[in-house]
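In: What follows is a protein structure lacking sequence information:
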Ligand code: SF4
């Protein structure tokens, strides 16, 4: 049997193991709550894909009442500021060809182009602008080289995506007619921000963090050990199968029970090493500088973004086209609670617009657009509220 199949059987299909782990969680959780004197143990995932697994496989239903699994700000599409999308729409309407990923296409802006109808790149394209969806920066480069048309690539993403841009800059593959609009973000500063916020908001504090598996393949699992060191909160790096997450929860509870906050790189060592991908990190360091940046609905988070380094400034759309960063202004559509959802302060079902004015087919807010957005995940795979509604209908 090949390795991927073995991994799938061990982490996804092994229901006996899943039952054993969830029984252990149920036994341990009341003891941890009693020992710590908390009303519950709140565990935050950072990654949209962890939220996907948690919701898709119904892991919350396996948790005892003492354990709450909350989503974090780990969806790059959800946190791309409205001002960035508005700037790129303006460039498209002024004649630049814009390349972007598919899930950015439908992202709604707060302010519309010239106060009219155009409030997304999809709407710009519908009105005649040259907006093209690509699977990668490499595809955009190939196409931009063909006809030399002035073009802009709208670069969003976290550290997982950054190397795919960085390597093409450092290898000097980018043509001069293709500018780069960076909306790149770094995960650890936002995770820290979210955890601090729960503390300051005088809510139940976050007692454990599940770090993003695939980001850690790049930045190294060790990037998350500041949680135990600085905040006394256990952190694990987990993969994306249900048993990865269940194991992560159990390890966090064990840490808490022993009164020893540690960092653990779990069984996801099969992919994420402690130090990460050195080649990718070196390329990111050459191509980009770390800067303060805006997260949608949240505002400025220090040292949480990437901009092109001096060496590659000739490709920087903001510098070359004189686009000035505006101070952050609240940038969610009226009624949207994405800021609370992405910070784990609310569930999607707490938003009155969820599955009413806001659906995956017609997203009103940014968390309903991408498959990594908590609202889109909850909309597609059900939620407690929707199950409750369905049961009451049957009755
Ligand atoms: S349901 Fe829609 S409007 Fe409400 S928080 Fe989610 S994305 Fe925003």
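Out: Yep, it's here. As the structure is a computational prediction, the values presented were derived from the model and not from experiment. Numbering: from 1, shown residues only.
In: Enumerate the residues of the chain near the ligand.
Out: Neighbours of the ligand within the chain, by CB under 6 Å from any ligand atom: 336-338, 341, 348, 351, 353-354, 358, 364-365, 367-368, 375. In short, each C-beta sits where N, CA and C put it, glycine included.
In: With neighbour count, distance to residue 18 and secondary structure as extra columns, can I get these in TSV?
Out: Formatted as TSV, those follow (neighbours: other CB atoms under 10 Å; distance: CB to CB, whole Å; DSSP: H, G, I helix; E, B strand; the rest coil):
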residue	neighbour count	distance to residue 18	secondary structure
336	26	35	coil
337	21	32	coil
338	29	31	helix
341	32	27	helix
348	28	25	helix
351	24	31	coil
353	18	34	coil
354	25	29	strand
358	25	33	strand
364	22	36	coil
365	28	33	coil
367	35	28	helix
368	31	30	helix
375	34	27	helix
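In: Buried residues in stretch 171-188, which are they?
Out: By neighbour count on 16 or more other CB atoms under 10 Å, the buried set for stretch 171-188 is 174, 178-188.
In: Can you name the next helix or strand after the longest helix seen in the chain?
Out: The residue-count maximum for a helix in the chain (DSSP state H) belongs to helix 15-36. For helix 15-36, the following helix or strand on the C-terminal side (DSSP states H and E) is strand 41-45.
In: orientation of that next one relative to helix 15-36 in degrees?
Out: Here strand 41-45 points in a direction 130 degrees away from that of helix 15-36 (axes from the mean of the first three to the mean of the last three CA atoms, to 10 degrees).
In: counting contacts, what elements does strand 41-45 pack onto?
Out: The contact analysis (3 or more CB pairs under 8 Å, 6 or more residues apart in numbering; DSSP states H and E) places strand 41-45 against helix 15-36, strand 67-70, helix 187-200, strand 206-211, helix 242-258.
In: can you rerun that using 7 Å?
Out: helix 15-36, strand 67-70, strand 206-211, helix 242-258 (3 or more CB pairs under 7 Å, 6 or more residues apart in numbering; DSSP states H and E).
In: who touches the next helix or strand after that strand?
Out: The first helix or strand that comes after strand 41-45 along the chain, using DSSP H and E, is helix 48-56. Helix 48-56 has contacts (CB atoms under 7 Å, 6 or more residues apart in numbering) with 45, 60, 69, 71, 74-75, 210, 212, 240-242, 245, 371-374, 377-378, 381.
In: what about helix 48-56, distance to the chain center?
Out: Relative to its chain's centre, helix 48-56 lies at 11 Å (CA atoms, centre = their mean, to the nearest Å).
In: Roughly how far does residue 96 sit from the ligand?
Out: Distance from residue 96 to the ligand, counting by CB to the nearest ligand atom, to the nearest Å: 28 Å.
In: ugh, typo on my part, it should be residue 9
Out: Residue 9 sits 35 Å away from the ligand, going by CB to the nearest ligand atom.
In: Near that residue, how many other residues are there?
Out: Close neighbours of residue 9, defined as other CB atoms under 10 Å, add up to 11.
In: name the element it belongs to?
Out: Per DSSP H and E: residue 9 is located in helix 3-11.
In: same thing with residue 173?
Out: For residue 173, there is no host helix or strand (DSSP H and E).
In: I'd say it and residue 141 touch.
Out: Yes: Residue 173 lies in contact with residue 141 (CB atoms under 7 Å); the separation is 5.9 Å.
In: Spatially nearest residue to the residue in the stretch 201-350 of the chain that the ligand sits nearest to, not counting backbone neighbours?
Out: Per CB to the nearest ligand atom, residue 336 is where the stretch 201-350 of the chain lies closest to the ligand, at 3.4 Å. Once flanking residues are discounted, residue 336 sits nearest to residue 365: 3.5 Å by CB to CB, 6 or more residues apart in numbering.
In: do you know how far that neighbour is from residue 106?
Out: Here the criterion is CB to CB, to the nearest Å. By it, residue 365 lies 11 Å from residue 106.
In: between the longest helix of the chain and strand 206-211, what angle do the directions make?
Out: 150 degrees.
In: Let me have the residues of the chain next to the ligand in a markdown table, adding distance to residue 202 and pLDDT as columns.
Out: As requested, the residues of the chain next to the ligand are exported to a markdown table (distance: CB to CB, whole Å; pLDDT from 0 to 100):
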| residue | distance to residue 202 | pLDDT |
| --- | --- | --- |
| 336 | 24 | 97 |
| 337 | 19 | 96 |
| 338 | 22 | 96 |
| 341 | 20 | 95 |
| 348 | 23 | 94 |
| 351 | 22 | 96 |
| 353 | 27 | 97 |
| 354 | 26 | 95 |
| 358 | 29 | 96 |
| 364 | 30 | 95 |
| 365 | 26 | 96 |
| 367 | 25 | 96 |
| 368 | 29 | 96 |
| 375 | 26 | 95 |
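In: Beta-bridge partners for the residue lying closest to residue 224 once chain neighbours are set aside, please?
Out: Excluding its sequence neighbours, the residue lying closest to residue 224 (CB to CB, 6+ apart) is residue 211, at 4.0 Å. With DSSP bridges as the criterion, residue 211 is bridged to residue 237.
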